[in-house]
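S.K.: predicted structure and sequence below. I'll ask about it afterward.
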Amino acid sequence: MGMQTKLERDVRFLKIYAGVATLCCVVFVLSAFAQAKRQKFDEIDVERINIVEKDGKLRMVISNRERQHPGIIDGKLIPKPNGRAPGMIFFNHKGDESGGLIFDENGDDGQFESLTFDKMRQDQTVGIQHLESEDGSYFAGMRVWDRPSGAQRITAGRLRDKSATIALSDPNGKVRLRISVDGAGNPKMDFLDETGKVTYSLPR
C-alpha cells in the first residue's frame, strides 16, 4: 500500500512538473512573439532589409550592392549583367518596381546619386540626380522622360559646363528651347530646330 502511494505521489509530481514546465514555455514563446512586434536598437549592421505587407508582398528593399534586388517589371525579373547599385528600391501594389534611391562610385574619384520614380510597367519618368566624373565635373538637377519612348523631355540643373540650364525637348528628345546662364553669369535663350540648329537667340 505504501509503495502504491509513493508511486501515485511521484506520478502526481511529474504531472504537476510537466504542467508548470509547459506553462513556462508557453509564456516564454508568447512574450517572445509580443516583443518581436516592436524592437528598439541603438545600432544595427545588415546587408539587406525587405519591407513587406502582412501577406508577404514586397514593397521596398534596402540593400548593399551584392544583395540588391535585380528589378521586376510585369512580374518578370530584369537582372543586369553588372548587378545594381546599393540603395532603396520601391515596389508598387502589383509587385513591380516603381522607382528607387541609389548611389555608387563612378571611378575612383567620381560618384552618383539618383532618386527616380517610374511609370507603371515602365522605366523612370522623373529623376533627381547628382552625376560626378573623376575629373570633378558634374551634373546636378532634374530630368523628365516620356514613356514608353524614353525620350528626355526636360533637363533642369547645373551642367558639366558650369551653366545653370533649362532644356525643353520635343517628343523625339531633340532640344528645342534652351534657357541658360553660363559660368560667367551671362544669360541666354536659344530656339532650335529639329536638327539642333539654333534658329533664334536672345540676346540677338
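M.R.: That came in fine, so what should we check first? Residues are numbered from 1 along each chain as shown.
S.K.: quick one: S201 and L192 touch, right?
M.R.: No. Counting by C-beta atoms under 8 Å, S201 does not reach L192; the two are 9.7 Å apart. For the C-beta atoms, the positions are set from N, CA and C on the backbone; glycine is no exception.
S.K.: those two: who's more crowded?
M.R.: L192 (20 against 12; other C-beta atoms under 10 Å).
S.K.: so how far is P79 from the more buried one?
M.R.: Using C-beta to C-beta, to the nearest Å, L192 is found at 39 Å from P79.
S.K.: also G110?
M.R.: Distance from G110 to P79, by C-beta to C-beta: 25 Å.
S.K.: who has more neighbours out of those two?
M.R.: Between G110 and P79, G110 has the larger neighbour count (other C-beta under 10 Å), namely 16 against 11.
S.K.: residues in contact with that one?
M.R.: E132, S133, E134 (C-beta atoms under 8 Å, 6 or more residues apart in numbering).
S.K.: and which of those is nearest to S63?
M.R.: Closest approach to S63 among the contacts of G110 (C-beta to C-beta): E132, at 22.6 Å.
S.K.: I figured the closest one hits D108, correct?
M.R.: No. Using C-beta under 8 Å, E132 makes no contact with D108, being 11.8 Å away.
S.K.: what about those two, which has more around it?
M.R.: E132 (19 against 6).
S.K.: phi, psi for the closest residue to the more buried one other than its chain neighbours please.
M.R.: The shortest distance from E132 to any non-neighbouring residue, by C-beta to C-beta, 6 or more residues apart in numbering, is to Y138 (3.9 Å). Main-chain dihedrals, Y138, degrees, to the nearest 10: phi -160, psi 160.
S.K.: and Y138, how far from R178?
M.R.: Using C-beta to C-beta, one gets 19 Å for the distance from Y138 to R178.
S.K.: quick one: the helices in this structure?
M.R.: Remark: helices assigned in the chain by DSSP state H are 2-36.
S.K.: pull stretch 50-60 out as PDB, backbone CA atoms only.
M.R.: This file holds the C-alpha atoms of stretch 50-60, laid out as PDB (Å, rounded to 0.1, in the frame of the first residue of the first chain):
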ATOM      1  CA  ASN A  50      12.900  43.600 -47.100                       C
ATOM      2  CA  ILE A  51       9.800  45.700 -46.300                       C
ATOM      3  CA  VAL A  52       6.700  43.600 -46.800                       C
ATOM      4  CA  GLU A  53       3.000  43.700 -46.300                       C
ATOM      5  CA  LYS A  54       1.200  41.300 -43.900                       C
ATOM      6  CA  ASP A  55       0.600  39.000 -46.900                       C
ATOM      7  CA  GLY A  56       4.300  38.900 -47.700                       C
ATOM      8  CA  LYS A  57       4.100  41.200 -50.700                       C
ATOM      9  CA  LEU A  58       7.400  43.100 -51.300                       C
ATOM     10  CA  ARG A  59       7.100  46.900 -51.100                       C
ATOM     11  CA  MET A  60      10.700  48.100 -50.600                       C
END
